[in-house]
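Engineer: My questions are about this predicted structure, shown below with the sequence.
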Amino acid sequence: MKNQTTITHVLLMSLSDDQETIYVLFAIFLLVYLMTCLSNSLIILLVVTCAHLHTPMYFFLGNLALLDMSYSSVTAPRILFNFTTQDWSISLSNCIAQMFFVIYFGSTEVFLLSSMSYDRYVAICRPLYYAQVMSWSMCAQLVSLVWSSALLAPVIFTICLGRLTFCGPNFIHNFFCDLPHLFQISCTDTSINILVLIIVGGVLGIIAFVATFYSYVKIFSVVLKIRTSDGKRKAFSTCTSHLIVVFMFYVSITFIYFVPNTSNLLVLNRVVTVIYTLITPLLNPLIYSLRNKDLKAALQKALHIHMLIPTTV
């Protein structure tokens, strides 16, 4: 048997080899990250400080903003650091830590989007019982369950990584560390790890997807029974933003993890990965803000922006 040297560092994929392109990408990524932190922080601030936003829907939205900002902070600062130093290496321990939080925040978003779907289901399908069902204690318990249960997958995956030996090659085809890429640099049989990934990820993913899908099936069935077009429009307007975010999330996840990463799709896969990890956390608050009158009104009041008719006290 040949000697196997355990690697201590992993080499991430550079997004470009051209120096001028790197400067442009650094400026774009820095701007996107700062705007992501600013927009999501603003939503959290509005939800916390504005009394008329103290409702279950905005409580979940505030958690989504915190989640998006956290997810972006796992990958963006490291990418900006790599652009600055032109050093795309990362220690194996830091790579595993980054993988842990990527999976954790991704799992949390899956469950949080399901919880938000349930909130919209109760609001549209059982409006008379909404205040009773979606009480503050219920919302707090639901969000606590979301953030805590999402730890299950990354903890199991990280423990299972302890049985693997990493001996290279130490290059991964991505600009951040994820579980499939760690499998690729292992010289140990990863069949058990892949089986655990399929079982745990599959079960949790199916549960979250079915819960989201079922909620919207019930919502559509109720909305389609509304006779007036104005009534249908008002009902759909309460969940359109969330539906767009859910669609973007599942399309990105499907493409990244289930479409074969062949040479023909490598560039497209890289673009979708950038959109999912950096652009989506910025788009989510914009989607909710641009389509939500309450948020826009709260923002105008917070920034002392008055329309043509001054606001009366």
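Structural biologist: Yep, it's here. Residues are numbered from 1 along each chain as shown.
Engineer: Quick one: mean pLDDT for the host helix or strand of residue 273?
Structural biologist: Here residue 273 sits within helix 266-274, counting by DSSP states H and E. Averaging pLDDT along helix 266-274 yields 73.
Engineer: So which bits of the strand or helix carrying residue 28 are buried?
Structural biologist: Residue 28 is located in helix 19-49, with elements delineated by DSSP H and E. For helix 19-49, a neighbour-count test (16 or more other Cβ atoms under 10 Å) marks 22, 25-26, 29-30, 32-33, 36-37, 39-40, 42-44, 46-47 as buried. Glycine gets a C-beta too; all of them are placed from N, C-alpha and C.
Engineer: out of those, which one sits closest to residue 147?
Structural biologist: residue 44 (15.0 Å; Cβ to Cβ).
Engineer: Could you pull up the residues touching that closest one?
Structural biologist: 62, 65, 66 (Cβ atoms under 8 Å, 6 or more residues apart in numbering).
Engineer: ok, now residue 205?
Structural biologist: Here residue 205 is in contact with residue 110 (Cβ under 8 Å, 6+ apart).
Engineer: how does it look with 10 Å?
Structural biologist: 107, 110, 153, 250, 253, 257 (Cβ atoms under 10 Å, 6 or more residues apart in numbering).
Engineer: now, which of the residues you listed lie within helices?
Structural biologist: Residues of the contacts of residue 205 located in helices (DSSP state H): 107, 110, 153, 250, 253, 257.
Engineer: Among those, which one sits closest to residue 85?
Structural biologist: residue 257 (29.5 Å).
Engineer: Measure how buried the nearest residue to the closest one once chain neighbours are set aside is and give me the count.
Structural biologist: For residue 257, ignoring the flanking residues on the chain, the nearest one in space by Cβ to Cβ, 6 or more residues apart in numbering is residue 180 at 7.6 Å. For residue 180, the count of nearby residues is 16 (other Cβ atoms under 10 Å).
Engineer: which stretch of helix or strand covers residue 180?
Structural biologist: helix 179-184.
Engineer: what packs against that helix?
Structural biologist: Counting contacts by 3 or more Cβ pairs under 10 Å, 6 or more residues apart in numbering; DSSP states H and E, helix 179-184 packs against helix 92-125, helix 152-161, helix 191-196, helix 240-258.
Engineer: Buried residues, stretch 191-210. List them.
Structural biologist: 193, 196, 197, 200, 201, 204, 205, 208, 209.
Engineer: Reformat those residues as JSON lines; add pLDDT and distance to residue 174.
Structural biologist: As requested, the buried residues of stretch 191-210 are arranged in JSON lines below (pLDDT from 0 to 100; distance: Cβ to Cβ, whole Å):
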{"residue": "193", "pLDDT": "89", "distance to residue 174": "18"}
{"residue": "196", "pLDDT": "90", "distance to residue 174": "21"}
{"residue": "197", "pLDDT": "87", "distance to residue 174": "16"}
{"residue": "200", "pLDDT": "89", "distance to residue 174": "21"}
{"residue": "201", "pLDDT": "85", "distance to residue 174": "18"}
{"residue": "204", "pLDDT": "87", "distance to residue 174": "22"}
{"residue": "205", "pLDDT": "85", "distance to residue 174": "20"}
{"residue": "208", "pLDDT": "90", "distance to residue 174": "24"}
{"residue": "209", "pLDDT": "89", "distance to residue 174": "24"}
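Engineer: ok, so of those residues, who is nearest residue 134?
Structural biologist: residue 208 (18.8 Å).
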